[in-house]
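[1] Output the structure for:
(chains A and B)
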Amino acid sequence: GQQVMQIPQYQHVQEGEDFTTYCNSSTTLSNIQWYKQRPGGHPVFLIQLVKSGEVKKQKRLTFQFGEAKKNSSLHITATQTTDVGTYFCAGDNQGGKLIFGQGTELSVKP
Amino acid sequence: DTEVTQTPKHLVMGMTNKKSLKCEQHMGHRAMYWYKQKAKKPPELMFVYSYEKLSINESVPSRFSPECPNSSLLNLHLHALQPEDSALYLCASRPYLREWSGELFFGEGSRLTVL
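    Residues are numbered from 1 along each chain as shown, chains lettered A, B, ... in the order given. The predicted structure is shown next:
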């Protein structure tokens, strides 16, 4: 079945350092989405990537979708304490089955 | 209104009880999801409804019974649960027009404890 792998599981950074999380699917995806979940909260949508090789930016966040539409990455430049949380990718197949990766928990030391 | 409302926020039940979780959205979304999330784990897909019909069941045990009475409501009926079913149950809705695309709007979840 469809599997979505995400690494690393944890990332501890000093404020101001960069952060990257990687996502890899066992199958070709119709799109990939990224979510952020704060401790005690629910997942909140960040972005959706649809096209092969697509790159999107949201302020300090850069999202990429691989050429084969099987992998993706999220890069945060100059982390801030407000970036703390768990970042999940979610792979979408044609049937609407959105499968979440294991998530990367980001902690930021001021 | 861009909210998905889940009730109750917290539920404690015994293994012989019958209870239900409710989810409501008024965004006109025609796809609704149930996910289960344990601590420090990702949301795990349980069920997907599209146009009030069950389209995906991820081999969920029959002690969980979903129901979609109309396009705005989604229920999860619980019966004879086990302590390992204790988790955060997340409902989400999603626009579904001609193709599957678009973000999931999550509710805040129902935290279930099975004694």
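[2] switch to C-alpha atoms for all contacts and neighbour counts from now on
    OK.
[3] ok, now which ones touch residue 5?
    No chain was given, so I picked chain A. Taking CA atoms under 8 Å, 6 or more residues apart in numbering or on different chains, we find residue A:5 in contact with A:23, A:24, A:25, A:101, A:102.
[4] That was the other one, I meant chain B.
    B:23, B:24, B:25, B:107, B:108.
[5] Now do it against chain A, distance only.
    The spacing between residue B:5 and chain A, counted by CA to the nearest CA, to the nearest Å, is 12 Å.
[6] Figure out the helix or strand that the spatially most central residue of chain B lives in.
    With distances taken as CA atoms, centre = their mean, the residue of chain B nearest its centroid is residue B:34 (2.9 Å). Using DSSP states H and E, residue B:34 sits within strand B:31-37.
[7] Tell me which residues are up against the next helix-or-strand element following that strand.
    Where DSSP H and E defines the elements, the next helix or strand beyond strand B:31-37 is strand B:44-50. Contacts to strand B:44-50, defined as CA under 8 Å, 6+ apart, come from residues A:97-100, B:30-37, B:54-60, B:66, B:68, B:96.
[8] contacting residues for residue 87?
    No chain in the question, so chain A it is. Contact analysis of residue A:87 by CA under 8 Å, 6+ apart lists A:21, A:34, A:35, A:36, A:37, A:103, A:104, A:105, A:106.
[9] if you could check chain B rather than the one you did, that'd help
    Here residue B:87 is in contact with B:36, B:37, B:38, B:39, B:111, B:112, B:113 (CA under 8 Å, 6+ apart).
[10] again, but for residue A:71
    Residue A:71 neighbours (CA under 8 Å, 6+ apart): A:22, A:23, A:24, A:25, A:65.
[11] Mind putting those residues into a markdown table with neighbour count, distance to residue B:44 and secondary structure?
    Listed next are the contacts of residue A:71 as a markdown table, based on neighbours: other CA atoms under 10 Å in any protein chain shown; distance: CA to CA, whole Å; DSSP: H, G, I helix; E, B strand; the rest coil:
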| residue | neighbour count | distance to residue B:44 | secondary structure |
| --- | --- | --- | --- |
| A:22 | 20 | 19 | strand |
| A:23 | 27 | 16 | strand |
| A:24 | 20 | 17 | strand |
| A:25 | 22 | 16 | strand |
| A:65 | 24 | 23 | strand |
